[in-house]
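S.K.: From the sequence below, what's the structure:
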Amino acid sequence: MKTRVVRSTIVAILMLGLAIPGVASAGFFNWGCKYQGTWFGVVSEDIPALAGWMVTVEGGSYFYGTNNLESTFPAFDPRLPNPMAPGTFVFEDAVALSTMRGNWMRTGFNTFIYTTTGFGLDANGVPLYVAQLNGNITLSEDCQRDVITGTLKVFVPASMKNPFVGSPDPDLPLITLPPMHAIRAFINLP
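M.R.: Numbering: from 1, shown residues only. This next block holds a predicted model:
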């Protein structure tokens, strides 16, 4: 009798073990879109013209990974427009923004949070400030478009502030970026 109970329990465990991969592959554990890939910024959801920035998203998991944000001058002015004094800039000598590197994490079905950090550079490549961008990402149902929101925090002087343990400079405004749109890069075979 005891042997029969043990055998039945082992058979039940084995059957359950074999059934779980079948359920998972049938789509019952759908985690949403895979975020990894290369994304190009576009003018808007309706205007797919490139906006001058791109993000490479990596990660060995559906739930977290790293990202590299590259931006060109038209997309993001490294002088940082001053929202407190329109028409002026916070860093007149800034000529470039380094590649911003950071992390992302899934928060829901097709939603994510992210943080990227980089440097505002002068003409000699010397950091004038540390920029940290934090925000939210929402992917479309077809997994080919996303909407990104974010707030830019500035830390100065660049050589003395650590954005991972310090606070942004209280004299500089937080810059809330308008929603940005991106499309997923894909292989275009002839």
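S.K.: CA only for contacts and neighbour counts going forward, please
M.R.: Will do.
S.K.: middle-most residue in the protein, spatially?
M.R.: Most central in the chain under CA atoms, centre = their mean is Tyr114, positioned 4.3 Å from the mean C-alpha point.
S.K.: Now do the buried residues in stretch 101-112.
M.R.: Buried residues in stretch 101-112, counted by 16 or more other CA atoms under 10 Å: 101-106, 110-112.
S.K.: care to break the protein down by domain?
M.R.: What automatic domain parsing lists as the domains of the chain is 1-30, 35-184.
S.K.: With distance to Pro190 added, can I get these in JSON lines?
M.R.: Output for those, formatted as JSON lines (distance: least, CA to CA, whole Å):
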{"stretch": "domain 1-30", "distance to Pro190": "32"}
{"stretch": "domain 35-184", "distance to Pro190": "19"}
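S.K.: Now for the buried residues of stretch 101-112: which two are most distant?
M.R.: Greatest spatial distance among those (CA to CA): Arg101 and Asn110, at 21.5 Å.
S.K.: if we can go back for a sec, give the bridge partners for the residue nearest to the centre of the chain, please.
M.R.: Counting by DSSP bridges, Tyr114 forms beta bridges with Trp104, Gly135.
S.K.: Retrieve the pLDDT associated with it.
M.R.: Looking at Tyr114, its pLDDT stands at 95.
S.K.: Next one: it from Cys143, what distance?
M.R.: Separation of Tyr114 from Cys143 (CA to CA, to the nearest Å): 18 Å.
S.K.: do Pro179 as well
M.R.: To Cys143, Pro179 is 18 Å away according to CA to CA.
S.K.: Which one's more surrounded, the two?
M.R.: Cys143 (15 against 12; other CA atoms under 10 Å).
S.K.: what's across from Phe40 in the sheet?
M.R.: The partner list for Phe40 in beta bridges (DSSP bridges) reads Met54, Ile183.
S.K.: tally of neighbours for it?
M.R.: 22.
S.K.: so it touches Ala49, yeah?
M.R.: No. Assessed by CA atoms under 8 Å, Phe40 is found out of contact with Ala49, at 9.7 Å.
S.K.: hang on, the earlier thing: which of the domains of the chain has the lowest mean pLDDT?
M.R.: The minimum mean pLDDT among the domains of the chain belongs to domain 1-30 (a mean of 53).
S.K.: circling back: relative to Val55, how far out is the residue nearest to the centre of the chain?
M.R.: Here the criterion is CA to CA. By it, Tyr114 lies 12 Å from Val55.
S.K.: now do Tyr129
M.R.: From Tyr129 to Val55 the distance is 21 Å (CA to CA).
S.K.: Also Pro127?
M.R.: In terms of CA to CA, Pro127 sits 22 Å off from Val55.
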